[in-house]
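Asks: take this sequence and fold it.
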Amino acid sequence: MARTPARRPRGFRETQGRFVGATPFAGLFAAYGTRCAFTGEDLSAEAATDPRGYLLNLSDDPLTEAWAALVPACLDAVYAFEQRHLTLGPRYNFLVDLARISPEFLSRLNPSGRLRLPADPALHPPRAVLAPHLIAFASGEAREG
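Replies: Modelled structure (predicted):
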């Protein structure tokens, strides 16, 4: 009598571990040392699980994959930048609205007062991309939300 092969269950099983595969942004996180460019906090776990969620998008295109327009950042930095509580000056220095920014986040910013940049100048955020945000910040336009 011939043996019938065991039947496999149908459907998908969800894995319980984190995704460890390479992402399109792994090189970008590596260029910044897998650290937040604003605070220096380690983003290794975040880069492995949700890399897109921990990249501050400086461009007008929400789906951009241009590395120069993306900066690894902790969620507090992304929020402060998007709400215009914080912006970057011409030398990547922090300009902060002390009336709006969280004091806890302010104390965590890089002590140098500047964005941590990768060694490769091609990955530095273009000043032309930063200019509209700086102008809106200087005019006092803040987003509340």
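
Asks: who's the residue sitting nearest the centre point of the chain bridged to?
Replies: Nearest to the geometric centre of the chain sits L55, at 2.1 Å (Cα atoms, centre = their mean). Beta-bridge partners of L55, counted by DSSP bridges, are P72.

Asks: in contact with it, which residues?
Replies: Neighbour list for L55: F25, L28, L70, V71, P72, A73 [criterion: Cβ atoms under 8 Å, 6 or more residues apart in numbering]. Using the backbone N, CA and C atoms, a C-beta is placed for each residue, glycine as well.

Asks: show me what contacts the fourth one?
Replies: To tie it back to what came earlier, the one meant is V71. Neighbour list for V71: Y32, A37, L55, L56, L58, L115, P125 [criterion: Cβ under 8 Å, 6+ apart].

Asks: equivalent analysis for the fifth one, please.
Replies: Residues in contact with P72 (Cβ under 8 Å, 6+ apart) are L28, F29, Y32, T34, R35, C36, A37, L43, A47, Y54, L55, L56.

Asks: for those residues, point out the one with the lowest pLDDT.
Replies: When those are compared by pLDDT, A47 scores lowest at 90.
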